[in-house]
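*Asks:* everything below, folded, please.
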Amino acid sequence: MLHHISLGVRDLARAGAFYDATLAALGYRRVFEDDEAIGYGLVDDQDLLCLKLRDDSHPPGAGFHLAFAASSRAQVDAFHTAALATGGTDNGAAGLRPDYGDHYYAAFVIDPDGHRIEAVING
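*Replies:* Here you go, the predicted structure:
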């Protein structure tokens, strides 16, 4: 359904360091960058997530979060650890979420710009 998503950030270097670490834990990497944007994905010049430098950016309100697919529980754990080490705020430690299903394993964090993100494997 989605081709890509963009997030506005106030400090591109800080956001880049955060997403370099957290997305690397899930197997993603920078696929492009310039003075005003950093793209992440799997293939050069084909971003799935784009950080865009905007002085007036604000995260979406309560109810919005962005969930990244993980391929293992170890990746979810690594995502959470990397997020906390690079300026993220814990919003739910890695673990099973029985309210979402018997095999729903996720970690929730808030990035340095206030975006609520998650890494999840459900299987």
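
*Asks:* other SSEs contacting whichever helix or strand G41 is part of?
*Replies:* Using DSSP states H and E, G41 maps to strand 37-43. On a contact count with 3 or more C-beta pairs under 8 Å, 6 or more residues apart in numbering; DSSP states H and E, strand 37-43 meets helix 12-24, strand 29-33, strand 46-53. For the C-beta atoms, the positions are set from N, CA and C on the backbone; glycine is no exception.

*Asks:* quick one: contacts for the residue nearest to R116 when sequence neighbours are not counted?
*Replies:* Distance criterion C-beta to C-beta, 6 or more residues apart in numbering; nearest residue to R116, sequence neighbours excluded, is H65 at 3.8 Å. The neighbours of H65, taking C-beta atoms under 8 Å, 6 or more residues apart in numbering as the test, are F108, H115, R116, I117, E118.

*Asks:* can you tell me how far the fourth one sits from F18?
*Replies:* Summarising the geometry, the distance separating I117 from F18, computed by C-beta to C-beta, to the nearest Å, is 10 Å.

*Asks:* in strands only, show me the contacts of H65.
*Replies:* Using DSSP state E, F108, R116, I117, E118 are the members of those that sit in strands.
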